[in-house]
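>>> with the input below, show me the fold.
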Amino acid sequence: MSSDIGAGSAVSSVAASFKGIALFTPGGDCVYCLDEQKRAHWHLDLCAALQTHLGLPEPPYFLLPCFTATVDRWVDATTQTPVTVAEAYPRALRFQPLLNALFDLGGLQWQPNYTNAEECSVALIESYQSTFPQLWECHDLVMRVEQAIAAPQPPALEPPPVPVDDLPQPHCFKLFVSGGETAITEKMLRLLYSTLESTLPGAYTLQVIDVTTHPDEAEAAHIAATPTLIQVSPEPVRRLVGSVLSQEQMMQLLAG
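As a prediction, this is how the structure comes out:
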């Protein structure tokens, strides 16, 4: 597994009631949203995000619904306990550890959704490959789509341009993991998401690299053990080897 996670400022924890939707590509990239207001047209927003980010000729609506996963959580009015329903189409079920980390669901078992079988036929999906070849490539993308991006509101006044030299350098991280350590990887990802989104004021990227499938990258980064987290930028480069036990340790790494 090798994936990039891009995000802006977000809430530090998942709300008691929310809807989460993830959309995957045939190549394994993912865009997702987490919405407490449960808006109705997030699927279209996710397609639009893929079009913009990958430079597609049009939104890839043909990915719907067979490359999607949806989770709905609410509080039962009688028992005051949270109820969670999570479903994924067969093509998305293999990403359960990532989905659980994105939506902070622990070890939840996702239910398969076998509806719309005709729309999800292999022949139909493959017929789009010549028009959308980018979707069959892996761009190491896991990107959260925010409401502000999906439905932007024009500002009342045009802000003055910010000089390039004054822009903060974005944070860039690499997490090296072993494919056989699924539970450790999932725990580490959940901790990273909660820490980075609650600590960093701006955007960040997180690349997750499986050393068993990308040994050349592990060798170039001098990885001797997994998991290893490297802060590539801003400089100086820092690394943390071994499972992080607490959010405090992660914040110490970010603070240098």
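>>> got the phi and psi for the spatially most central residue of the chain?
What sits nearest the mean C-alpha location of the chain, by Cα atoms, centre = their mean, is Val142, with 3.8 Å. Val142 adopts backbone torsions of phi -130, psi 110, taken as degrees, to the nearest 10.
>>> do a quick rundown of the helices in the chain.
42-54, 90-93, 96-102, 122-126, 147-150, 182-199, 215-220, 247-255 (DSSP state H).
>>> comparing these, which comes out most buried?
helix 96-102 (a mean of 21; mean count of other Cβ atoms under 10 Å). To be clear about C-beta, it is placed using only N, CA and C from the backbone, and glycine gets the same treatment.
>>> contacts for that helix?
With Cβ atoms under 8 Å, 6 or more residues apart in numbering as the test, helix 96-102 has contacts from 1, 3, 20, 22, 30, 32, 34, 69, 71, 86, 88, 92, 105-110, 142, 144, 182, 185-186, 189-190, 193.
>>> the stretch 1-150 of the chain: strands as residue ranges?
2-7, 18-24, 30-35, 68-75, 82-88, 111-112, 141-144 (DSSP state E, counting those that start in this stretch).
>>> quick one, the fourth one and strand 30-35 angle?
Going back to what we said before, that points to strand 68-75. Interaxial angle, strand 68-75 versus strand 30-35 (axes from the mean of the first three to the mean of the last three Cα atoms, to 10 degrees): 20 degrees.
>>> what's the domain layout of the protein?
Using automatic domain parsing, the domains assigned to the chain come out as 11-150, 165-255.
>>> turn the helices of the chain into TSV, columns for mean pLDDT and distance to Ala77.
Shown next, in TSV, are those (pLDDT from 0 to 100; distance: least, Cβ to Cβ, whole Å):
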stretch	mean pLDDT	distance to Ala77
helix 42-54	88	25
helix 90-93	90	30
helix 96-102	92	26
helix 122-126	82	41
helix 147-150	47	26
helix 182-199	76	28
helix 215-220	88	50
helix 247-255	69	32
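>>> if we can go back for a sec, where among the domains of the chain is the average confidence lowest?
Between those, the one with the least mean pLDDT is domain 165-255; it has a mean of 77.
>>> check the offset of that domain from the chain's centre.
For domain 165-255, the gap between its own C-alpha mean and the chain's C-alpha mean amounts to 14 Å (Cα atoms, centre = their mean, to the nearest Å).
>>> mind putting the helices of the chain into TSV with distance to Leu135?
Shown next, in TSV, are the helices of the chain (distance: least, Cβ to Cβ, whole Å):
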stretch	distance to Leu135
helix 42-54	7
helix 90-93	12
helix 96-102	18
helix 122-126	10
helix 147-150	20
helix 182-199	24
helix 215-220	23
helix 247-255	33
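>>> of all those helices, which one is nearest Cys138?
Among these, helix 42-54 comes nearest to Cys138, with 11.3 Å by Cβ to Cβ.
>>> distance of Lys38 from Glu181?
35 Å (Cβ to Cβ, to the nearest Å).
>>> looking at the two, which is more packed in?
Glu181 (16 against 11; other Cβ atoms under 10 Å).
>>> in contact with that one, which residues?
Glu181 touches 226-227, counting by Cβ under 8 Å, 6+ apart.
>>> any idea how far Gly242 is from it?
Counting by Cβ to Cβ - Glu181 and Gly242 are separated by 12 Å.
>>> residues in contact with the nearest residue to Arg239 once chain neighbours are set aside?
Spatial nearest neighbour of Arg239, excluding adjacent residues (Cβ to Cβ, 6 or more residues apart in numbering): Ile230 at 4.6 Å. For Ile230, the contacting residues are 173-176, 221, 237-239, by Cβ under 8 Å, 6+ apart.
>>> likewise for Ile223?
Counted by Cβ under 8 Å, 6+ apart, Ile223 has contacts 176, 211.
>>> how about a cut-off of 6 Å?
For Ile223, the contact set (Cβ atoms under 6 Å, 6 or more residues apart in numbering) comprises Phe176.
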